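Trainee: After the sequence you'll find the predicted model.
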Amino acid sequence: MPKIAMIGAGSVVFANNILGDLLTYPELKDNLHLSLMDIDPERLKASEGYARQRLKKEGSGSCLKATMDLGESLDNSDYVINMIQVGGLDATLLDFNIPAKYGLKQTIADTHGIGGIFRALRTIPRVLEICREMEKRCPEAWLINYSNPMAMNTWAAYRSSPVKVLGLCHSVQLTAAMLANYIEIPFPELRYRAAGINHICWFLKLKHRGENLYPLLFEAMKDPQVYSSDPVRFEIMKNFGCFVSESSEHMAEYVPYFIPRENLIEKLKIPINEYIRRCQEQEKEFEINKEVAEGKREIPKHFRSFEYAAPLIHSIETNQTISIYGNIENTGIISNLPAGCCVEAPCLVDGNGVQPIYVGELPPQLSAINRNHIGVQELTVKAVLENKPEYIYYACQLDPLASAMLTLEDINSLANELWQAHAGYLEYLVTKSK
């Protein structure tokens, strides 16, 4: 029975999707040892109750245990799925509200940018704690990271620990399904190749039965209804030549062209503070899940999601080959991005594990956009691993959106204020001011 530890299992959406997906595989349905771990007893109880209802509905013979003890959850695990969000909604509000005082607008703020930097500073130490415990308790297990900021968390893990680590996101496969819809072809018939960094991963090839689909996508963009559903990404494609993997609301804050201009926020309907609204909606969903856990509401039917975790586990356990997109160390996979950085690239998975596929060079304009963020990621990761607090200021100063909207003085003041607000999570760093 493969043991799967879900760390941060109170993240109900991810935990529910992954558990439900695992149970859709006949080879796994009755043969799993599931361990749910969270530091919040209320959320853990709800997640456990929901999971037991799911096991019951699917008629699964798998076993399940919930614990607040990280070591107990990790003991003898084969797969460790990291879904933690350090600081929760309170910390997220600080990541939005403090920059807003200085005039910096953000939409999601969890992967890149000022919000991504400070989320990394809170999260990386916890990821490294998981790695250290894995080295003692399950050294052969896979660490599957879902926590944002994806690239920085994954980079820090493989740079400081021998554990096998892979970052998984759903942005490439979800975007591929959207593209098939935009150009009105059946999604199963779409063939594509993407590469880059997490959330800024470029669709280098789009084909259907051997035909290049980019001319059709450029034509579809002329339809006002299609354009209005994804305006920022279509503007990026129009100007840089390729479609990008994460949504318009995300992409708007990754580049300096849109949010600094109030007229474009309105014209392109860029949803400032969108992630706060999503977090509030997730709290409502949590309350619904609590009712399911307590037997007050029927558990809904599960349809396999776009998440890669369950297919990956199934593939390794059964030696059935699949292709996924993973976040991994760049060991020459993308030749014109820095060695050692965290890239998102195609990977084959089978009983031997995860094998990245060589991509080669990205078009230079696309690698340039990626490198703008890789520099920020490198400085943030090194700030944590090498205990160099000054690197945090450099990272903030180099963020494309912050540098387009704020002076250096304001960026430094903003970083100081965020540092003080998150001080309880940043005690491992030496100084607090520049």
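Mentor: Cool, the structure landed.

Trainee: does residue 114 really touch residue 106, like I thought?
Mentor: Yes - with contact defined as Cβ atoms under 8 Å, residue 114 reaches residue 106; the gap is 7.1 Å. Just so you know, the C-beta spots here come from the backbone N, C-alpha and C atoms, and that holds for glycine as well.

Trainee: Would you mind listing the residues touching both of the two?
Mentor: Counting by Cβ atoms under 8 Å, 6 or more residues apart in numbering, the shared contacts of residue 114 and residue 106 are 95, 99, 401.

Trainee: Now do the buried residues in the helix or strand containing residue 263.
Mentor: According to DSSP states H and E, residue 263 maps onto helix 262-267. Under the neighbour-count criterion of 16 or more other Cβ atoms under 10 Å, helix 262-267 has 264, 265 buried.

Trainee: can you check stretch 310-327 too?
Mentor: Buried positions in stretch 310-327, judged by neighbour count with 16+ other Cβ under 10 Å: 310, 311, 312, 313, 314, 315, 316, 317, 324, 325, 326, 327.

Trainee: that older thread, which ones among the shared contacts of residue 114 and residue 106 are found in helices?
Mentor: 95, 99, 401 (DSSP state H).

Trainee: Now rank the residues you listed by neighbours and give me the top one.
Mentor: residue 99 (28 neighbours; other Cβ atoms under 10 Å).

Trainee: So for the nearest residue in space to that residue that is not next to it in sequence, what's the pLDDT?
Mentor: Counting by Cβ to Cβ, 6 or more residues apart in numbering, residue 99 lies nearest to residue 114, which is 5.3 Å off, once chain neighbours are set aside. pLDDT for residue 114: 98.

Trainee: Numbering from 168 from now on, please.
Mentor: Done: numbering now begins at 168, and the last item shifts to residue 281.

Trainee: ok, residue 281 to residue 249 distance?
Mentor: 23 Å (Cβ to Cβ, to the nearest Å).

Trainee: Hmm, residue 249 is touching residue 310, no?
Mentor: Yes - counting by Cβ under 8 Å, residue 249 does reach residue 310; the two are 6.4 Å apart.

Trainee: Can you pull the residues that touch both of these two?
Mentor: Here residue 249 and residue 310 have residue 297 as joint contacts, going by Cβ under 8 Å, 6+ apart.

Trainee: ok, now which ones touch residue 514?
Mentor: By Cβ under 8 Å, 6+ apart, the contact list for residue 514 reads 333, 490, 491, 492, 493, 495, 521, 522, 523, 524.

Trainee: measure residue 274 to residue 445 for me?
Mentor: As judged by Cβ to Cβ, residue 274 and residue 445 stand 10 Å apart.

Trainee: higher neighbour count, those two?
Mentor: residue 274 (28 against 15).

Trainee: And what about the more buried one, helix, strand or coil?
Mentor: coil (DSSP: H, G, I helix; E, B strand; the rest coil).

Trainee: Correct me if wrong: it contacts residue 436.
Mentor: No - assessed by Cβ under 8 Å, residue 274 is found out of contact with residue 436, at 11.2 Å.

Trainee: ok, back up a step: wait, is the residue nearest to residue 266 part of a helix?
Mentor: Yes - under three-state DSSP, residue 281 sits within a helix.

Trainee: ok now do it, which residues does it touch?
Mentor: Neighbours of residue 281 in contact, by Cβ under 8 Å, 6+ apart: 262, 266, 271, 273, 563, 566, 568, 569, 581, 582, 585.

Trainee: out of the residues you listed, who's nearest residue 505?
Mentor: residue 566 (17.5 Å; Cβ to Cβ).

Trainee: For that closest one, give me its contacts.
Mentor: Taking Cβ under 8 Å, 6+ apart, we find residue 566 in contact with 279, 280, 281, 284, 543.

Trainee: And the worst-scoring helix or strand of the chain on mean pLDDT, what's buried?
Mentor: Of all helical and strand segments in the chain, the minimum by mean pLDDT, DSSP states H and E falls on helix 179-189, at a mean of 87. For helix 179-189, burial by neighbour count (16+ other Cβ under 10 Å) applies to 179, 181, 182, 183, 184, 185, 186, 187, 188, 189.
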